[in-house]
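In: Next comes the sequence, and after it the predicted model I'd like to discuss.
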Amino acid sequence: MRNHFHQTGPFIDANGCLAERELIDGVPVIVHYDDIPESDITTVQGVRCTTALRTIIDIAPELSTADLNAILREFLRRRLFTPQEAIERVSRPDMTNRAGAQLLRRALEAAP
């Protein structure tokens, strides 16, 4: 089967990063472009990917408050990161203007 890439347009995502909407074999895909520090990268079964903490920061603006809170509770329950680690990460300079970092901070502050 051949891959058919059909670009449907660039845009700026909710975190202020360049992104593109594409169709790959008829499946809509969003490609995000961002500088990600090595501290936000991990390897899962041989595949480099973002850490759970970075992932929740990146997807937070696309989630409802209820979904963000549910994912946060699950990640904390699974000990993928601690509340302190999350607060430290969203407080770093590269997260100052990132919407997802601000949303995660509020969710952490509201968590029981």
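Out: Good, I have the coordinates.
In: Now the host helix or strand of residue 84: average pLDDT?
Out: Secondary structure from DSSP states H and E places residue 84 in helix 83-90. Averaged across helix 83-90, pLDDT comes to 97.
In: So which elements touch it?
Out: Here helix 83-90 touches helix 52-59, helix 99-110, going by 3 or more CB pairs under 8 Å, 6 or more residues apart in numbering; DSSP states H and E. Heads up, the C-betas are built off the backbone N, CA and C, glycines and all.
In: if you set the cut-off to 10 Å instead, what comes out?
Out: Contact analysis of helix 83-90 by 3 or more CB pairs under 10 Å, 6 or more residues apart in numbering; DSSP states H and E lists helix 52-59, helix 65-77, helix 99-110 as its packing neighbours.
In: between the longest one and helix 52-59, how big is the angle?
Out: This points to helix 65-77. Angle, helix 65-77 to helix 52-59, by axes from the mean of the first three to the mean of the last three CA atoms, to 10 degrees: 170 degrees.
In: gap between helix 65-77 and the chain center?
Out: 13 Å (CA atoms, centre = their mean, to the nearest Å).
In: just use 59 as the starting number from now, easier for me
Out: With 59 as the first residue, the last one maps to helix 123-135.
In: Show me which residues of it are buried.
Out: 126, 129, 130, 133, 134 (16 or more other CB atoms under 10 Å).
In: quick revisit: nearest to residue 70, out of the helices and strands packed on helix 141-148?
Out: Each of the helices and strands packed on helix 141-148 has some distance to residue 70 by CB to CB; the shortest is helix 157-168, at 11.2 Å.
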